[in-house]
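**Student:** Here's my sequence, what's the structure:
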Amino acid sequence: MKKPDSRRIPVSPDDAAKVLGPGDGNLREICRILGVAAVYRDASLVFTGERPALDRAQAVTERLVAEIQITGRVSKSALHKALEFPDLKAAGLMYTVPGRSGSIIPRTPGQESYMRSVMHNELVFSIGPAGTGKTFLAVAAAVSALQDNRVERIILTRPAVEAGENLGFLPGDMQQKIDPYLRPVYDALNDTLTVPKVQRYLDSGVIEVAPLAYMRGRTLNNAFIILDEAQNTTLTQLKMFLTRMGYGSRMVITGDVTQIDLKPSTASGLVRVAKILKQIPGIGFVYLDHSDVLRHPLVQRVIEAFGQKEEQ
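**Tutor:** This is a model prediction of the structure:
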């Protein structure tokens, strides 16, 4: 009978405590899913099993060590995503930002494609369900470009389309009325920049956050421009926005075509724009799905269940 192969992977004692998890729970999960045995000794994880499983075990371990170096911990989500997407071929893809997020790497194959597309195209459409990191990664790319002086400002916009509420009934002036619609954008900014810096950039105009209607008639040069929730734009609005792009600028358009608030939903320009623009060089289309969701595991299952219902 053939003796199983073994693989020794150096892991420092400090990192090992986080990789193994409380009561070695993470390590047991890795062994169960990959069908390997493991022991930690002499500052190394030693895996035993078939060679393909050992290759995956090594990739998962290296992925988790990279996660620790970036975030300082191994969350349940990080463990599950490492097991699903252990390949470190995307290790060169990273946004370094001054906020609490620090260094940001792709955590799913879809996110890897998204980050590569933003790197190689001046205009990118990112389409997928909630929780896949569409807005966060777009803002992270914008902040990284600003910090590296590749752009002079960041412009963030969303259509002010109600999801069951009427804008007119919200209290306050126009800016206070639109702030709830732009909250996810502010959240992403606060994760990628320090809060004082966000406020300073907003006050100085280095970062501009505004409803889509404010974009008409402008030419936006040397800017990183993000249109969020683009599923709630008509084709005419989308054309207006795309033609604002000036010299030295980049654009990312994000949206979820399963959550259209326009009436009728067929009025969404995001649904139709791919047929018009897909063959143009310099424009990238990235489609994320439920496997790229990084929220609670139930969110992934909810999205999958709704998708199956719509297919029926």
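**Student:** Tell me how far Ile155 lies from Gly21.
**Tutor:** 42 Å (Cβ to Cβ, to the nearest Å). Placement of C-beta: from N, CA and C, glycine included.
**Student:** So those two - more neighbours on which side?
**Tutor:** Neighbours were counted for Ile155 and for Gly21 using other Cβ atoms under 10 Å; Ile155 has more, 23 against 17.
**Student:** Just the strands from the stretch 51-200 of the chain, written as ranges.
**Tutor:** 95-96, 103-104, 123-127, 153-158 (DSSP state E, counting those that start in this stretch).
**Student:** how deep is Glu84 tucked in, by neighbour count?
**Tutor:** The number of residues packed near Glu84 is 14, by other Cβ under 10 Å.
**Student:** show me what contacts it?
**Tutor:** Under the criterion of Cβ atoms under 8 Å, 6 or more residues apart in numbering, the contact partners of Glu84 comprise 108, 291.
**Student:** pLDDT score for it?
**Tutor:** With respect to pLDDT, Glu84 has a value of 72.
**Student:** number of nearby residues for Met215?
**Tutor:** 18.
**Student:** for it, what are its contacts?
**Tutor:** With Cβ under 8 Å, 6+ apart, Met215 has these contacts: 157, 240-241, 244.
**Student:** From Pro52, how far off is the most centrally placed residue in the chain?
**Tutor:** For the chain, the residue nearest the mean C-alpha position is Gly133 (2.5 Å; Cα atoms, centre = their mean). Distance from Gly133 to Pro52, counting by Cβ to Cβ: 29 Å.
**Student:** Ile104 too?
**Tutor:** Taken as Cβ to Cβ, the span from Ile104 to Pro52 is 30 Å.
**Student:** where exactly do the helices run in this structure?
**Tutor:** 13-20, 25-34, 51-71, 76-84, 109-120, 134-147, 174-192, 195-204, 235-242, 269-277, 297-311 (DSSP state H).
**Student:** What is the longest one packed up against?
**Tutor:** Helix 51-71 makes packing contacts with strand 5-10, helix 13-20, helix 25-34, strand 44-49, helix 76-84 when contacts are defined by 3 or more Cβ pairs under 8 Å, 6 or more residues apart in numbering; DSSP states H and E.
**Student:** In TSV, list these along with distance to Ile70.
**Tutor:** Converted to TSV, these look like this (distance: least, Cβ to Cβ, whole Å):
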stretch	distance to Ile70
strand 5-10	19
helix 13-20	12
helix 25-34	17
strand 44-49	19
helix 76-84	10
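**Student:** picking up where we left off before, report the separation between the residue nearest to the centre of the chain and Leu262.
**Tutor:** Using Cβ to Cβ, Gly133 is found at 24 Å from Leu262.
**Student:** With Pro106 instead?
**Tutor:** 31 Å.
**Student:** got a list of what the closest residue in space to Ala230 that isn't next to it in sequence touches?
**Tutor:** Nearest non-adjacent residue to Ala230, counting by Cβ to Cβ, 6 or more residues apart in numbering: Gly255, 3.7 Å away. Gly255 makes contact with 125-127, 134, 228-232, 270, according to Cβ under 8 Å, 6+ apart.
**Student:** who has more neighbours, Pro106 and Leu262?
**Tutor:** Each of Pro106 and Leu262 has its neighbours counted (other Cβ under 10 Å); Pro106 has more, 22 against 16.
**Student:** How about the more buried one: what's its closest non-neighbour residue?
**Tutor:** Glu112 (4.0 Å).
**Student:** Repeat that for Asp289.
**Tutor:** Gly128 (6.2 Å).
**Student:** Pass me the low-pLDDT residue ranges in the stretch 201-312 of the chain, would you?
**Tutor:** Counting by pLDDT under 70, the stretch 201-312 of the chain shows low-confidence ranges at 295-300, 303, 307, 309-312.
**Student:** if we can go back for a sec, taking the contacts of Met215 together, which two end up most distant?
**Tutor:** Thr157 and Met240 (11.2 Å; Cβ to Cβ).
**Student:** Which one of these two is surrounded by more residues?
**Tutor:** Thr157 (24 against 18).
**Student:** Any stretches of the stretch 51-200 of the chain with poor pLDDT?
**Tutor:** Those would be 85-92, 161-179, 181, if you go by pLDDT under 70 across the stretch 51-200 of the chain.
**Student:** Just list whatever residues bridge to the residue nearest to Ala230.
**Tutor:** Bridge pairing for Gly255 (DSSP bridges) gives the partners Ile127.
**Student:** partners of Thr48 in the sheet?
**Tutor:** For Thr48, the beta-bridge partners are Ser6, Ala37 (DSSP bridges).
**Student:** these two touch, right, it and Cys31?
**Tutor:** No: using Cβ atoms under 8 Å, Thr48 makes no contact with Cys31, being 9.6 Å away.
**Student:** Touching both of those two, which residues are there?
**Tutor:** With Cβ under 8 Å, 6+ apart as the test, Thr48 and Cys31 both reach 37-38.
**Student:** Sounds good, over and out.
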